[in-house]
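Q: coords below, sequence missing:
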């Protein structure tokens, strides 16, 4: 939504969920960049935001909010001073030349090991024009953030194949609302391109996000191909102030360490849970689980998990087993698409002890039957 103008450039309003997205990407870039630059075999990092906007927004009260490109470029500019033998490339593109001009005025100065490229035009065309040698020594992070459910997989394909990571803003609210009402050829084509499915098939998905999100995951795995490594995909929902799902931020990586790091960063950004959805305290409501042995438990909201849901999952995985090595417990979480395996060990152990009477030692856990 257009709000005011700054130097004759339209400034968009950043809603709370959008600001939270900026925070998540910023915090992930901080962890991602440091981890890679400290890796001896990594010679450089590449960050690409192909739909960057101007980097300047206003919140609902008219206060200035800094967006992803300025946050990321400022941080990387600062840390590259500590890595003189390594390089960083930052690429920013937006459809509006005026917004790119505003962004350029807020970006740091290039140095001998920091290169910044800006361009205006279609984001997909921009991605297809990038030609960087496909070397394992250089790691990529691509931010693909369309304003609607419009994904050009041809543009993303090279980055799914490279040694790097992709973050896709999947505007699932557009699909849930628009697929059933799509009449115009252009609209139908948009959805069919995004999900590589006919509009008739998409109409069977209903109003839930699960089928659309699953389809995007399937496409990412398929396009990844048989490159000898598993592809890891994590997905986190974002809700507006009316508690309505707006989009899912999907992270794809061929490296489990990046996958684990993104999950940990997301949970930290959301304050120890998997989204900012307002669950109105229902997560603490006691209920009788009639599917098991009639034990007292709490409800699980798949749109907003808490640490107690991690404990519930682990108990169901290892119930009745004694002496389970802690490494096996953390490995089970490392493979999970949402639950973090790092950063919450103390809280998870406490929940297992308090809620499931598990005996936790320094190296293993007993899960009563």
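A: Sure, I can see it. Everything numeric in this text was worked out from a predicted model, so none of it was measured.
Q: Model confidence for residue 294, exactly?
A: pLDDT for residue 294: 49.
Q: make that residue 138, sorry
A: For residue 138, the pLDDT comes out at 89.
Q: Do I have it right that it meets residue 44?
A: Yes: counting by C-beta atoms under 8 Å, residue 138 touches residue 44, with 4.9 Å between them. In this view, the C-beta of every residue, glycine as well, is placed from N, C-alpha and C.
Q: For the longest helix along the chain, what is the distance to the chain centroid?
A: Criterion DSSP state H: the longest helix present in the chain is helix 16-37. Relative to the chain's own centre, helix 16-37 is displaced by 9 Å; criterion: C-alpha atoms, centre = their mean, to the nearest Å.
Q: got the buried residues for that helix?
A: 17-30, 32-33, 35-37 (16 or more other C-beta atoms under 10 Å).
Q: which helices and strands does that helix pack with?
A: If you count contacts as 3 or more C-beta pairs under 8 Å, 6 or more residues apart in numbering; DSSP states H and E, helix 16-37 packs onto strand 44-49, strand 64-66, helix 68-79, strand 138-144, strand 164-170, strand 232-239, strand 245-253, helix 256-269.
Q: Quick one, which of these gets closest to residue 302.
A: Residue 302 lies closest to strand 232-239 among the helices and strands packed on helix 16-37, at 9.1 Å (C-beta to C-beta).
Q: which neighbours does the closest one have in its sheet, and in what orientation?
A: Its sheet considered, strand 232-239 pairs with strand 245-253 (antiparallel) by DSSP bridges.
Q: what about residue 74, neighbour count?
A: Other residues lying near residue 74 total 15 when counted by other C-beta atoms under 10 Å.
Q: any idea what the closest residue to it other than its chain neighbours is structurally, helix, strand or coil?
A: Once flanking residues are discounted, residue 74 sits nearest to residue 108: 6.2 Å by C-beta to C-beta, 6 or more residues apart in numbering. Put simply, residue 108 is coil when judged by DSSP: H, G, I helix; E, B strand; the rest coil.
Q: hang on, residue 108 packs against residue 116?
A: Yes: with contact defined as C-beta under 8 Å, residue 108 reaches residue 116; the gap is 7.4 Å.
Q: Which one's more surrounded, these two?
A: residue 116 (20 against 16).
Q: Kindly confirm my reading that the more buried one forms part of a strand.
A: Yes: under three-state DSSP, residue 116 sits within a strand.
Q: Name the residues linked to it by a beta bridge.
A: residue 90.
Q: show me the contacts for it.
A: Going by C-beta atoms under 8 Å, 6 or more residues apart in numbering, residue 116 touches 73, 89, 90, 91, 92, 107, 108, 110.
Q: Distance check, it against residue 166.
A: As judged by C-beta to C-beta, to the nearest Å, residue 116 and residue 166 stand 21 Å apart.
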